[in-house]
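Undergrad: can you look at this prediction? I've put the sequence above it.
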Amino acid sequence: MSDTLTAPLPGHKMPHEDYLNATYGIRSWLLTTDHKRIALLYLGSVTFFFFLGGIFATMIRIHLLTPTGALVTPETYNKLFTMHGVAMIFFFLIPSIPAVLGNFLIPLMIGAKDLAFPKINLLSWYIYIVGGCFVLYSFGTGGLDTGWTFYTPLSSVYSNSAVTPAVIGIFINGFSTILTGLNFIVTIHTMRAPGMTWFRLPLFVWAHYATSLVMVLGTPVIAITLLLVGLERMFHLGFFNPALGGDPILFQHLFWFYSHPAVYIMILPAMGVISEIIPTFARKPIFGYSFIAGSSIAIAVIGFLVWAHHMFVTGESTYAALTFSLLSYLVAIPSAVKVFNWTSTLYKGSISWDTPMLYAFGFIGLFLIGGLTGLFLACLGLDIHIHDTYFVVAHFHYIMVGGAVMGYVGGIHFWWPKITGRLYPEALSRVAAVTLFVGFNLTFFPQFILGYLGMPRRYHTYPPEFQVLNVLSTAGASILALGYLLPMLYLTWSMRYGKVAGQNPWPATGLEWKTDSPPPTENFHVTPEVTWEAYDFQNRPDLGLVAGASPLAPAHGDD
Amino acid sequence: MHRTGELYGHFETLEQQKESAALGMWIFLVTEVLFFGGLFLTYTINRHAFSTAFGIGSNTLDITLGAGNTVVLIMSSLTMAMAVWSAQVGKKKLVSIFLIATLALGTVFLGVKAVEYKQKFDHHLVPGRSFDMKYHPTHPMPGDDLKELALEKEEVDKAFAQDPDINAHGQLYFSLYFGMTGLHALHMIIGAGLLLWLIKGSFAGRFTPQYNTPVEIVGLYWHFVDIVWIFLFPLLYLIDRHR
Amino acid sequence: MQSQLPLYPEQASNFAPQVDALMLFITAICLFFAVAITAAIVIFFFKFHRKQPDAVGIAIHGDSRLEAVWMIIPLILAMAMFGWGAVVYVDYRHAPQDTLDVYMIGKQWMWKAQQPNGMREINELHVPVGRNIRLILASEDVIHDFFVPAFRVKMDVVPGHYNTMWFRPTKPGRYHFFCSQYCGTNHALMGGWVTVMEPSDYAAWLSGSSGGSVNPVVAGEKLFADKACATCHVADGTGRAPSLNGLFGAKVLLADGSTVVADEAYIRESILQPNAKIVAGYQPLMPTFQGQLTEEQILALIAYIKSLQSLPVPAKGAGIAPTTGKN
């Protein structure tokens, strides 16, 4: 059943042909249609934007060390937080897991040779690059200072920054997302190997299916909205400008109709990663498979119904506010279901503390805090106070950084052996994971308190009584930065000097682990036929584990 | 690009390939619905808020040309469907004929649109500095029916009295008119390009009962573009028709 | 006063204790779940640490009843949070009748407040303790937001709309307010102070002001004459337009048979888009004053028209809907 791979050889060279060494030269990379190579193209570009957004964040936190903020001018500060948001959300977070890990793994996980539309996959990357260039052009020629939310009429009339190229760039980038989502949906429907039924799919695939639904339905709306903002700015039209009869609140409805589901584009894939890591490192099936699969779909659907919870204090009707608050509480339930199921999976598991598992634990802890603080914001009476304060900033960073980025980095570690054929240094990677967790909490937990105390967001200067908490936050940020730098260094190092990984180092049960590390270009020499359920450690003798062994004391198990 | 309709390397069977192509196009069309949807929503909200200006704006559109274009487009959907059928029953010559007919009708549509756009330009109804809803009624052009124009002037004057900001609100109408019909026309131009590609393929005899997926999915796209127009036409041309 | 490292602002309004209580309730629930789940994870982490390198875990695929339990219990708790929050919010969005109204105008990057007697302030707001205060918020350019942490209230200030908010200060003192909707370069500098005073001090402050502030009612009356409103809006109802006596707050009968309450928004719309709502029995003759009046002038006219509230309504020539079944 397993493909042929002899025992790992010492030394640097791979003993067989794989997707990395099959062809050489820059053309073979820039014109590739191999989903695995495209995933690496994305890896390079999203890392670039992460770096860029990270530099902006560093400058923000240094500037906020003092109440009067001596690092940059107010104009520059406003550009820094805007560009940080735009770079991170549109060019790092949204593509990250789907375009890197999703692209790489989905065909492997379902036993296919590639995605349904490989050329469209490459096109998606090029569209992303073109969109990115427009945005970089905007950053470089005057910057952007409207906030990533582009509220009108500030963005369409009053701002003097390079808004038009930025909205064009984000508009173009939207099509990259749409095509990726489209590719995933069709692939998952039509290209599963024989025997790979829907309910045998890895939960990573379910997560990406749900994400793709959101990508495909939500992204066109932001595209048309930003297009209208750009047209309004260029031709002095009045869709959103009250002086010409337009309505700024219409912009907010259209904007948030996409941007709220967008946060689910960012978190659902990370949840998918966690759903793979936990069964692997607890060596047992996930608890509640169908509930986790179903909750992904539920989050995607309900997520489209809550957008106006960003608008509770705009003067929207009380009835609207009540409806959106209620629905926002409903969308919390499927996420809670996942957390309970992941925790239950650990019970009577055979748990190892490998780095991906540490990231998974970090994810659960931080997503828990981020998600629970969402309950504060969904609460109408509370939101009047904490809306648009640092409480919101802390909440979304807990989910997007503590959640999505931890999921992304954890996933990179988990599948690194498959992608590169190498192992990273385990001791150092554990240190980095813990550093990240500590640094993150120190950076963002004080911000909850700052927010409740009343510090508004997007402030380049603040009253002196807020300084202590700001200093704590900046100190945490420096530790956080270290936590990100370390993996960048040792992962790069491992590509040449890491131990050779072998086909299934962990071992894990997915189809992707039944082919070589790194995989051959066509993924599988022979099309697999699936006869086992997902995460079935009991009936997989090929993994070389002791089926039925109790993880507890060797005598009869207690409990 | 495969000349003989063979399997692409990453698919297992031709059936899988066909299924994927069709599903892919359907999902793409769903995204297009949401894309146009944002514009339709903006139109609906503004129509409700500024019904006077939108009524006047709508009255400046030529209903004959619009209705004619609608018929042209519906016929082109018929010829497109006939092209798909022809491929399915193996009548290769008919495939080319029907594809060419579809392209011709589409071109007629775009030509009529160009005529309409020129008219708007001449009447100072393009949003921008020279936009003025009062311009045409006070500046007759050759070929205008003067009695009609006088009625129009009366209406515009009444509208100005009711809504002094009518030029601003009228610009909203025309921005949406050009935006929505322009986006639609862009999709038609892309469709025309796809048809040219199909015609080239049909001359080479590519499309057979076993392999006609490209014709089918371009057909889906073409029908969608037609349906968008079926919604655009009444929304833009037919509201507040009382003359 | 505040401790060295405070966790929440002072409570200085009627809403503050409610919001804080709500916050503590939600915190308690969240803390319970966070601690429970974290404890479970930590315990499992250590208790089920892999003993032998090739051991696997015990396969437990799921438990539907457990799933139901941990869907229903969080749902009930979530509904409790929603319900309590909704009650507070609905109260906040419906100001009581007897408010002291202050107009707040936000513009890049300052706040202009106008008291009922015309007293103007910039980046300051003086209010008496124990009174229900209603702020009527307008913007001259982009979206801003008026936020008083110590009161636990905020509301966006949106151009082209009026928004209102209310609160009742409960403790004299000076409290920071902030702009909390990003509005451009000096968004962070667009703050000021709310001064809550004893009623007697407030009255003294109101009357003892230095010159330069005109009573808005007086200003409105002057505008009413200057802009020739009185030519049509004759007080005894004999003009081409309805009398404005007793208008403010009353129900107006419109030409299409519907009624509308004559509040600030209605009067503002009638000045700027007079043909949006035509009063029954009258012609659409009124010209628009769009572009001829600033927001402050409109507010002055509204103040003047409010002052006509208690004047006698003429039997014929008012736009007010009949309260009895006549006609």
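TA: Yes, it's here.
Undergrad: please count neighbours and contacts with C-alpha atoms only from this point.
TA: OK.
Undergrad: now do the helix or strand where B:I217 lies: which elements does it pack against?
TA: If you go by DSSP states H and E, B:I217 is part of helix B:213-237. Judged by 3 or more CA pairs under 8 Å, 6 or more residues apart in numbering or on different chains; DSSP states H and E, the packing partners of helix B:213-237 are helix B:14-49, helix B:51-59, helix B:63-89, helix B:166-203.
Undergrad: the last one and chain C, any residue contact?
TA: No. For helix B:166-203 and chain C, the contact criterion (CA under 8 Å from any CA of the partner chain) is not met; the two come no nearer than 11.3 Å.
Undergrad: now that helix: mean pLDDT?
TA: Averaging pLDDT along helix B:166-203 gives 93.
Undergrad: go through it and flag the buried ones.
TA: Using 16 or more other CA atoms under 10 Å in any protein chain shown as the test for burial, helix B:166-203 gives B:166-178, B:180-181, B:184-185, B:187-189, B:191-192, B:194-195, B:198-199, B:201-202.
Undergrad: for A:S290, which non-adjacent residue is closest in space?
TA: A:F199 (7.6 Å; CA to CA, 6 or more residues apart in numbering or on different chains).
Undergrad: and the residue of chain B that's closest to chain A?
TA: Going by CA to the nearest CA, chain A is nearest to B:F35 of chain B, at 4.6 Å.
Undergrad: what residues does chain A have near chain B?
TA: A:112-116, A:178, A:182-183, A:186-187, A:190-191, A:216-218, A:220-221, A:223-225, A:235-239, A:244-245, A:250, A:254, A:522.
Undergrad: where do the strands sit along the chain?
TA: Because you didn't say which chain, this covers chain A. In chain A, no strands are defined using DSSP state E.
Undergrad: meant chain C actually
TA: Here chain C has its strands, by DSSP E, at C:100-107, C:110-114, C:120-122, C:124-128, C:133-139, C:144-148, C:153-157, C:163-167, C:173-179, C:192-197, C:251-253, C:259-261.
Undergrad: residues in contact with A:D354?
TA: Applying CA atoms under 8 Å, 6 or more residues apart in numbering or on different chains to A:D354 gives the contacts A:F281, A:E426, A:R430.
Undergrad: wait, the second one touches A:T355, no?
TA: Yes. The pair A:E426 and A:T355 passes the contact test of CA atoms under 8 Å, sitting 6.9 Å apart.
Undergrad: A:A293 contacts A:V205, correct?
TA: No. Using CA under 8 Å, A:A293 makes no contact with A:V205, being 9.2 Å away.
Undergrad: what's the overlap in contacts for those two?
TA: In contact with both A:A293 and A:V205: no residue, using CA under 8 Å, 6+ apart.
Undergrad: please name the nearest non-neighbouring residue to the residue in the stretch 351-500 of chain A positioned nearest to chain C.
TA: The nearest approach of the stretch 351-500 of chain A to chain C comes at A:G381, 4.2 Å away (CA to the nearest CA). In space, and not counting its chain neighbours, A:G381 is closest to C:G85: 4.2 Å by CA to CA, 6+ apart.
Undergrad: can you get me a residue count around the one you found?
TA: C:G85 is flanked by 25 other residues according to other CA atoms under 10 Å in any protein chain shown.
Undergrad: can you tell me which residues in chain B are near chain C?
TA: By CA under 8 Å from any CA, the residues of chain B that approach chain C are B:A161, B:Q162, B:D163, B:P164.
Undergrad: I'd like these laid out as JSON lines, including neighbour count and secondary structure.
TA: As requested, the residues of chain B next to chain C are arranged in JSON lines below (neighbours: other CA atoms under 10 Å in any protein chain shown; DSSP: H, G, I helix; E, B strand; the rest coil):
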{"residue": "B:A161", "neighbour count": "17", "secondary structure": "helix"}
{"residue": "B:Q162", "neighbour count": "21", "secondary structure": "helix"}
{"residue": "B:D163", "neighbour count": "23", "secondary structure": "coil"}
{"residue": "B:P164", "neighbour count": "21", "secondary structure": "coil"}
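Undergrad: nearest to chain C, of those?
TA: When these are compared for distance to chain C (CA to the nearest CA), B:Q162 wins out at 5.7 Å.
Undergrad: return the residues of chain B in contact with chain A.
TA: Chain B comes close to chain A at residues B:10-11, B:16-17, B:19-20, B:23-24, B:27-28, B:30-32, B:34-39, B:42, B:127-128, B:168-169, B:171-172, B:175, as judged by CA under 8 Å from any CA.
Undergrad: residues contacting the residue of the stretch 351-500 of chain A closest to chain C?
TA: Contacts for A:G381 (CA under 8 Å, 6+ apart) come out as C:V19, C:L22, C:W84, C:G85, C:A86, C:V87, C:V88, C:Y89.
Undergrad: pLDDT below threshold where in chain A?
TA: For chain A, the stretches flagged by pLDDT under 70 are A:1-15, A:547-559.
Undergrad: cutoff 50 now
TA: Applying pLDDT under 50 to chain A flags the ranges A:1-9, A:553-559.
Undergrad: low-confidence stretches in the stretch 201-327 of chain C?
TA: C:210-211, C:324-327.
Undergrad: just give me the neighbour total for the residue of it found nearest chain B.
TA: When scored by CA to the nearest CA, the stretch 201-327 of chain C has C:N275 as its residue closest to chain B, at 5.7 Å. Applying other CA under 10 Å, we find 20 residues neighbouring C:N275.
Undergrad: ok, so what distance separates A:G439 from A:F367?
TA: Remark: distance between A:G439 and A:F367 (CA to CA, to the nearest Å) = 15 Å.
Undergrad: neighbour count: the two, which is higher?
TA: Applying other CA under 10 Å to A:G439 and A:F367 shows that A:F367 carries more neighbours, namely 27 against 22.
Undergrad: wait, doesn't the more buried one sit right on A:F396?
TA: No. Using CA under 8 Å as the test, A:F367 is too far from A:F396 to be in contact (9.8 Å).
Undergrad: apart from its chain neighbours, what residue comes closest to the closest residue to chain B within the stretch 51-200 of chain C?
TA: Chain B sits closest to C:G160 of the stretch 51-200 of chain C, with a gap of 13.2 Å, by CA to the nearest CA. Ranked by CA to CA, 6+ apart and with sequence neighbours excluded, the top spatial neighbour of C:G160 is A:P242, at 5.3 Å.
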